[in-house]
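Asks: just need the structure, nothing else, for what follows:
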Amino acid sequence: MMRLLLILAMFFAAPAFAASVTTAPGGVLRGLDKVDGSLTDIELRNGESHEFGRLEITLNECRYPSENPSGNAYANLTIHENGTDQPIFSGWMIATAPALNALDHARFDVWVLRCKTE
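Replies: I've put the predicted structure just below:
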């Protein structure tokens, strides 16, 4: 029991150093059509949507580490498939760990490349 409490305490403990982040005006995503193998780079401003195949991708917000604008990117996305009311993806994607919270779709992959700082 004590070991379980120790593991939980380590998992939920606040990090010793929390990096500050800056909200960017937009971001760059990449889409893959798995059927024909085509890649498409998608530049969006925060709040903007883009049609990619049967998907509608909305970039809600893009953030990056304040100390390193060319570092990691964190994008909050909402992705709908045409003809559906419920999003097939809604949440944060991380550029350096795209598999951590990925879009699960049979035909399309979407991931974050970077935030736009201008």
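
Asks: every contact and neighbour count from this point should use C-alpha atoms.
Replies: OK.

Asks: measure Ser20 to Lys116 for me?
Replies: 17 Å (C-alpha to C-alpha, to the nearest Å).

Asks: quick one, what contacts the residue positioned nearest the centre of the chain?
Replies: The chain has Met93 as the residue nearest its centroid, 2.1 Å off, counting by C-alpha atoms, centre = their mean. Residues near Met93 by C-alpha atoms under 8 Å, 6 or more residues apart in numbering: Tyr74, Ala75, Asn76, Leu77, Leu100, Asn101, Ala102, Trp111, Val112.

Asks: which one among the residues you listed gets closest to Phe52?
Replies: Of all these, Trp111 has the smallest distance to Phe52: 12.5 Å, by C-alpha to C-alpha.

Asks: C-terminal to the helix or strand hosting Ser90, what's the next element?
Replies: Using DSSP states H and E, Ser90 falls within strand 89-94. Using DSSP H and E, the next helix or strand after strand 89-94 towards the C-terminus is strand 108-116.

Asks: show me where this protein has its helices.
Replies: Assigned by DSSP state H, the helices in the chain fall at 2-12.

Asks: where does the protein dip in pLDDT?
Replies: Low-confidence segments of the chain (pLDDT under 70): 1-18.

Asks: returning to that earlier point: pick out whichever of Ser20 and Lys116 has more residues nearby.
Replies: The neighbour comparison of Ser20 against Lys116 (other C-alpha atoms under 10 Å) goes to Lys116, with 20 against 10.

Asks: my read: that one touches Thr22, true?
Replies: No - under the criterion of C-alpha atoms under 8 Å, Lys116 makes no contact with Thr22, lying 11.2 Å away.
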